[in-house]
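**Q** Sequence plus the predicted model coming up.
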Amino acid sequence: MMRGRRGGGDNNDQGGGRRFGGEQSAEAQALEKAIEANAPSAQIKAALEKYRAARKDKEAKLAAAQENLRKVLTTKQEAQAVLINLLN
């Protein structure tokens, strides 16, 4: 089974929608830019709504992918995947 990091360490995750050293989403960038620019509340609210919608869509895709993965794993593999936070 795979071995991975579990929290801490040098994963360069600095928040703002980035995970595992990946790129920040366009929605996260737009929201961060609006906040840093002290944009009007309406503009920040619109950016926040877009960010939340994009995050919700990504979470749904992740849940579907996790379910597909779960279907092909043995019970032992599933347990190992849960321990390393690959599955919920």
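**A** Yep, it's here.

**Q** What residues sit buried inside the longest helix belonging to the chain?
**A** Scanning the chain for the helix with the most residues, using DSSP state H, yields helix 41-72. Residues of helix 41-72 classed as buried by neighbour count (16 or more other CB atoms under 10 Å): 43, 47, 50-51, 54. For the C-beta atoms, the positions are set from N, CA and C on the backbone; glycine is no exception.

**Q** can I get those in a markdown table with pLDDT and distance to L87?
**A** Formatted as a markdown table, the buried residues of helix 41-72 follow (pLDDT from 0 to 100; distance: CB to CB, whole Å):
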| residue | pLDDT | distance to L87 |
| --- | --- | --- |
| Q43 | 98 | 38 |
| A47 | 98 | 31 |
| K50 | 98 | 28 |
| Y51 | 98 | 25 |
| A54 | 97 | 23 |
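
**Q** Going toward the C-terminus from the longest helix of the chain, what's the next helix or strand?
**A** The helix or strand immediately downstream of helix 41-72 is helix 75-83, counting by DSSP states H and E.
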